[in-house]
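**Q** Got a sequence here, can you model it:
(chains A and B)
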Amino acid sequence: MAAEHQIDIHHVATLARLALTEEESVHYGSQLAGILNYIDTLTRYDLGEVEPTAHAMPVYDVLRADVATPGFTQEEALSNAPKRFADQIQIPKVIE
Amino acid sequence: MLASSSISTLRRQLVAGEITSRDIVLDLAAAAESRNSDLGAYLSWDVESALAEADKADLSRPLGGIPIAIKDNINVTGQPCTCGSKILSENYRSPYDASAIRSLRVGGAIPFGRLNMDEFAMGSSTENSALGVTRNPRDLERVPGGSSGGSAAAVAGNLAVAALGSDTGGSIRQPAALCGCVGMKPTYGRVSRFGLVAFASSLDQIGPVTKTVGDAALLLNHLCGHDPRDSTSLKVDVPDFTASLGRDIKGLRIGLPKEYDISGIHTGVSARTKAAIAQLESLGAIVEEISLPHTELGVATYYVLAPAEASANLARFDGVRYGHRSAAAGDLMEHYQLSREEGFGPEVKRRILLGTYVLSSGYYDAYYIRAQKARTLIRNDFTEAFKKVDVIVSPTSPTPAHKLGELKDNPLAAYLEDVFTIPVNLAGLPGISLPCGDVEVDGKALPVGLQIIGKALDEATVLQVAHAYEQARG
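**A** Got it, this is the predicted structure:
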């Protein structure tokens, strides 16, 4: 049954932004197939007419007053940045 | 040793002037210094900041002067918050307090120490921590459970008076059961998740790990309440949870789900659970069989929804604003991919991949929507059952603590350990685990946990039954 799940693990890893090693790709690919095989338990039930549940205790349309409140200072917001330059977070160049 | 006392005992001694808050902090620090190398419950602790707070503790408040140990995924200003992960272990310091921490501080408590956990709370043994091994205080060759393994090992091993944990699929209740202490997951929405590092947002809930049911009630009094900074936080009244303690349980209806009588349940666990049920019956409770017909869908549903939510939540760890950044990256894509590849451990990668897959184009309806529909059936099962009974009782975990490494290369077998705790998160209900005796395994007495599940927002009845049992058992 596990063979039913052919996962393009490289595609999934790219979507997940993970640079898996070749060894990891093989390993996770086969483990995921096994887990999905188990998850197929869900296909044994007719769920066609059932409403989906996103939250067990749903709360809708939570709004707050449009009033400014104190937040982090610039220093606090930048305090964990791996790389800083002139009070900004520095990242690799994105525009040629 | 003060660390072996309950909150309520220490509070009496503090108020009577027999001890000071400083004494408790120093006692905890000494205990951690001498025994944490064996147990590995704490990842770090900061004695100076705790002493500074202890010296100005307001003893007139209900938790005044009591140090509470904190799972390392709940933010406390100025302290690390590693989530058991390399990706946050380098130099992250929390710039703010989680709302649960604020609430504890308002009560007079003092955050003390950072407790080990499965990386990003993904696991049931704490073996998925990238930062160290935590051992079961009853048998150092065995796991403490997880993901709040540090919380349970610290409380049961008397390295902490009480602790906070988080519970997404059993992560408070299961380690409490395996280590022999009390752990409670409140109703979803009772406790603000603001400042708890998100794993699966529709399931995560903060709760107490304590030595007694009374202490759990006391901490819940402070943790619960509406918080505008968590949009899932419920605007409902918070009763005094200590008020229901001591009430008898005569005539109270207890349901035993027939579907929970699974193969694979340890005979000792089964025997201890049955003895506990008999004890509840002798206290006047009416025990009856109930049915939760979709129980077998629980684990499969959870392992679609939780990884799906995790894959989205953990997208924030991109090496830009905080956390590990790869030194090897050239362009931005490489920067993301390598920072995450280097920072995350195997179980986190496995779940991110699984979550990404079930949400990806072509699979979303087949897995994610289908699991959300199954969640409805599981929730409806409980709604129907609670028309007949006041609480539902089961083992917390089908087995006592495993040996370290026993389930290492079998993630699915490890997932199936959560069969009794997961449905409670999916339905958003409150649940507690408390000790109900030991089983002898390889010459060691290992604790067994009894799970009591309540109706949504009815923590009071759960605590009432738990307390009655705890008192009767002695």
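**Q** make it CA atoms for all contacts and neighbour counts henceforth
**A** Fine.
**Q** Give the full set of residues in contact with residue B:270.
**A** By CA atoms under 8 Å, 6 or more residues apart in numbering or on different chains, the residues touching residue B:270 are residue B:395.
**Q** In a helix, it, correct?
**A** Yes: Residue B:270 forms part of a helix when assessed by DSSP: H, G, I helix; E, B strand; the rest coil.
**Q** what's the average pLDDT for stretch B:415-428?
**A** Averaging pLDDT along stretch B:415-428 yields 95.
**Q** Now do that stretch: distance to the chain's middle.
**A** Computed by CA atoms, centre = their mean, to the nearest Å, the chain-centroid distance of stretch B:415-428 equals 12 Å.
**Q** hang on, residue B:436 in a strand?
**A** Yes: Residue B:436: assigned to a strand according to three-state DSSP.
**Q** Spit out the contact partners of it.
**A** By CA under 8 Å, 6+ apart, residue B:436 lies in contact with B:272, B:273, B:276, B:447, B:448, B:449, B:450, B:473.
**Q** In three-state terms, label the fifth one for me.
**A** In this case it means residue B:448. Three-state call for residue B:448 (three-state DSSP): strand.
**Q** Against residue B:399, how distant is it?
**A** Using CA to CA, to the nearest Å, residue B:448 is found at 8 Å from residue B:399.
**Q** between those two, what contacts are shared?
**A** Residues touching both residue B:448 and residue B:399 (CA under 8 Å, 6+ apart): residue B:269.
**Q** So for these two, which sits in the more crowded spot?
**A** Using other CA atoms under 10 Å in any protein chain shown as the criterion, residue B:448 and residue B:399 rank with residue B:448 on top: 32 against 21.
**Q** Go ahead and list the helix or strand containing the residue in chain B positioned nearest to chain A.
**A** Nearest residue of chain B to chain A: residue B:373, at 4.0 Å (CA to the nearest CA). Using DSSP states H and E, the secondary-structure element containing residue B:373 is helix B:370-385.
**Q** Got the phi and psi for the closest residue to chain B within chain A?
**A** Among all residues of chain A, residue A:52 sits closest to chain B, at 4.0 Å; criterion: CA to the nearest CA. Dihedral pair for residue A:52: phi -70, psi 150, per degrees, to the nearest 10.
**Q** That one: how many residues sit nearby?
**A** Counted with other CA under 10 Å, residues neighbouring residue A:52 total 17.
**Q** Nearest residue to it in space, please, no chain neighbours.
**A** What sits nearest to residue A:52 in space, not counting adjacent residues and going by CA to CA, 6 or more residues apart in numbering or on different chains, is residue B:373, at 4.0 Å.
**Q** Next up, the contacts around residue 84.
**A** Because you didn't say which chain, this covers chain A. Applying CA under 8 Å, 6+ apart, we find residue A:84 in contact with A:78, A:90.
**Q** Hmm, no, I was thinking of chain B.
**A** Residue B:84 neighbours (CA under 8 Å, 6+ apart): B:72, B:73, B:116, B:117, B:118, B:119, B:120, B:128, B:129, B:130, B:131.
**Q** what about 10 Å?
**A** Counting by CA atoms under 10 Å, 6 or more residues apart in numbering or on different chains, residue B:84 touches B:43, B:71-73, B:115-122, B:126-132, B:147, B:344-345.
**Q** can you tell me which of those residues are in helices?
**A** In helices, defined here by DSSP state H, there are no members of these.
**Q** burial measure for residue A:67, as a count.
**A** By other CA under 10 Å, neighbour count at residue A:67 equals 5.
**Q** Secondary structure element for it, which one?
**A** Using DSSP H and E, residue A:67 maps to neither a helix nor a strand.
**Q** same thing with residue B:209?
**A** Residue B:209 belongs to strand B:205-210 when assigned by DSSP H and E.
**Q** just how off-centre is that strand within its chain?
**A** In terms of CA atoms, centre = their mean, the centre of strand B:205-210 is set 6 Å apart from its chain centre.
**Q** how about it, does it get close to chain A?
**A** No: figure legend: strand B:205-210 not in contact with chain A (CA under 10 Å from any CA of the partner chain); closest approach 12.2 Å.
**Q** That strand - contacts with which helices or strands?
**A** Where contact means 3 or more CA pairs under 10 Å, 6 or more residues apart in numbering or on different chains; DSSP states H and E, strand B:205-210 is packed against strand B:67-71, helix B:149-156, strand B:163-167, helix B:173-179, strand B:182-185, helix B:213-223, strand B:431-441.
**Q** CA atoms of stretch B:230-238 as PDB?
**A** The C-alpha trace of stretch B:230-238 is given here as PDB (Å, rounded to 0.1, in the frame of the first residue of the first chain):
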ATOM      1  CA  ASP B 230      -5.000  36.400  21.200                       C
ATOM      2  CA  SER B 231      -8.000  36.500  18.800                       C
ATOM      3  CA  THR B 232      -9.000  32.900  19.700                       C
ATOM      4  CA  SER B 233      -9.100  33.900  23.400                       C
ATOM      5  CA  LEU B 234     -12.700  33.400  24.800                       C
ATOM      6  CA  LYS B 235     -14.700  36.200  26.400                       C
ATOM      7  CA  VAL B 236     -16.200  34.100  29.100                       C
ATOM      8  CA  ASP B 237     -16.300  34.300  32.900                       C
ATOM      9  CA  VAL B 238     -13.500  32.500  34.800                       C
END
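**Q** Check which residues of that stretch are buried.
**A** Buried residues in stretch B:230-238, counted by 16 or more other CA atoms under 10 Å in any protein chain shown: B:230, B:231, B:232, B:233, B:234, B:238.
**Q** Report the two of these separated the most.
**A** Spatially, the most separated pair among the buried residues of stretch B:230-238 is B:231 and B:238, at 17.5 Å (CA to CA).
**Q** hang on, the earlier thing: what's the pLDDT at the residue nearest to residue A:52?
**A** 98.
**Q** what's the answer for residue A:52, then?
**A** On pLDDT, residue A:52 comes in at 96.
**Q** ok, it - contacts?
**A** B:368, B:369, B:370, B:371, B:372, B:373, B:374, B:375, B:376, B:377.
**Q** can you pull out the strands in chain A?
**A** Using DSSP state E, the strands of chain A run over A:84-85, A:88-89.
**Q** Now for residue 54, how many residues are close by?
**A** No chain was given, so I picked chain A. Residues near residue A:54, counting by other CA under 10 Å, number 17.
**Q** ah, I was thinking of chain B
**A** Counted with other CA under 10 Å, residues neighbouring residue B:54 total 25.
**Q** you'd agree it is in a strand?
**A** No: in this structure, residue B:54 is helix, not part of a strand, as judged by three-state DSSP.
**Q** For stretch B:427-434, what is the distance to the chain centroid?
**A** Chain-centre distance of stretch B:427-434: 10 Å, with CA atoms, centre = their mean.
**Q** Return the members of the contacts of residue B:436 classed as buried.
**A** Using 16+ other CA under 10 Å, the buried ones in these are B:272, B:273, B:276, B:447, B:448, B:449, B:450.
**Q** Next, the angle helix B:370-385 makes with the helix ranked longest in chain A.
**A** The longest helix of chain A (DSSP H) is helix A:22-39. With axes from the mean of the first three to the mean of the last three CA atoms, to 10 degrees applied, the angle from helix A:22-39 to helix B:370-385 works out at 40 degrees.
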